[in-house]
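Chemist: Below: sequence and its predicted model.
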Amino acid sequence: MADLSKEYASALFSLAYEKNLINEIKEDIDALRKVVKENPEYLDILSSPALTLSNRLSLIDEAFGDKNEYVVSFLKLLCENRNIATLNECIDEFFLLITELENRTVAKIYYAFELTDLQKEKLVSKLKGITKKEIDPIYIEDTGLIGGIKIELDGKVLDGSLSSRLNNIKGVIGK
């Protein structure tokens with residue numbers, strides 16, 4: 001499903017870029033994301049075999065008729081091809097492409113204990129220096145780390161957690 005989501009997101013992104021509508025489509029996709037998050041049953045309705053395809057497409061027109069025509073067509077295409085369940089993944093992939101275009105990257109920062117503002121600032125600054133990109137940090141508490149932090153950044157994992165170090169020691173001792 002991830003590859004399929006990437007294909008749909010890439011197609012929408014390419015179209016937005018080609019038509020010079022990145023910002024408009026980005027805003028509409030963000031609004032769509034909020035609607036789906038607040039009303040998760042909406043995707044169930046759009047994938048329901050109890051409704052005809054024309055009824056499901058009409059629901060899209062009613063809910064999103066004021067959005068960019070490419071966004072509406074994108075939704076309809078997902079619905080017609082019975083891939084509407086991948087919508088959230090498609091949206092995530094679309095925004096990843098946007099962050100790349102804007103020379104930004106998302107860093108998921110897992111921590112066992114809350115970081116201070118100064119620690120967060122220094123960490124983001126260090127990551128910015130390493131990647132040469134603007135960093136959009138997402139902080140996630142993970143008490144399983146015991147201590148330290150783990151960072152997911154550009155498809156790589158930087159693991160400075162205590163649990164990782166203990167596992168490494170256990171592997172050395174076990175040999």
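Modeler: Received the coordinates, thanks.
Chemist: which stretches of the chain form strands?
Modeler: Ranges of strands within the chain are 104-111, 134-141, 149-153, 156-159, based on DSSP state E.
Chemist: Just the mean pLDDT for the third one, thanks.
Modeler: Mean pLDDT, computed over strand 149-153, is 89.
Chemist: quick one: contacts of it?
Modeler: Residues outside strand 149-153 that contact it (CB atoms under 8 Å, 6 or more residues apart in numbering): 105-112, 115, 123, 127, 131, 142, 157-161, 164. Quick note: C-beta positions are derived from backbone N, CA and C, even for glycine.
Chemist: Next, the angle strand 134-141 makes with it.
Modeler: Orientation of strand 149-153 against strand 134-141 (axes from the mean of the first three to the mean of the last three CA atoms, to 10 degrees) gives an angle of 140 degrees.
Chemist: Dump strand 149-153 to PDB, restricted to CA.
Modeler: Taking only C-alpha atoms (Å, rounded to 0.1, in the frame of the first residue of the first chain), the coordinates of strand 149-153 have been written out as PDB:
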ATOM      1  CA  ILE A 149      17.000   9.700  22.800                       C
ATOM      2  CA  LYS A 150      16.300   8.100  19.500                       C
ATOM      3  CA  ILE A 151      15.900  10.100  16.300                       C
ATOM      4  CA  GLU A 152      14.300   9.100  12.900                       C
ATOM      5  CA  LEU A 153      15.600  11.400  10.200                       C
END
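Chemist: what about that strand, distance to the chain center?
Modeler: Counting by CA atoms, centre = their mean, to the nearest Å, strand 149-153 is centred 16 Å from the centre of its parent chain.
Chemist: strands paired with it, and their directions?
Modeler: With DSSP bridges as the test, strand 149-153 is paired with strand 104-111 (antiparallel), strand 156-159 (antiparallel).
Chemist: To Lys26, which of the strands of the chain lies closest?
Modeler: For Lys26, the closest of the strands of the chain is strand 104-111, at 12.5 Å, according to CB to CB.
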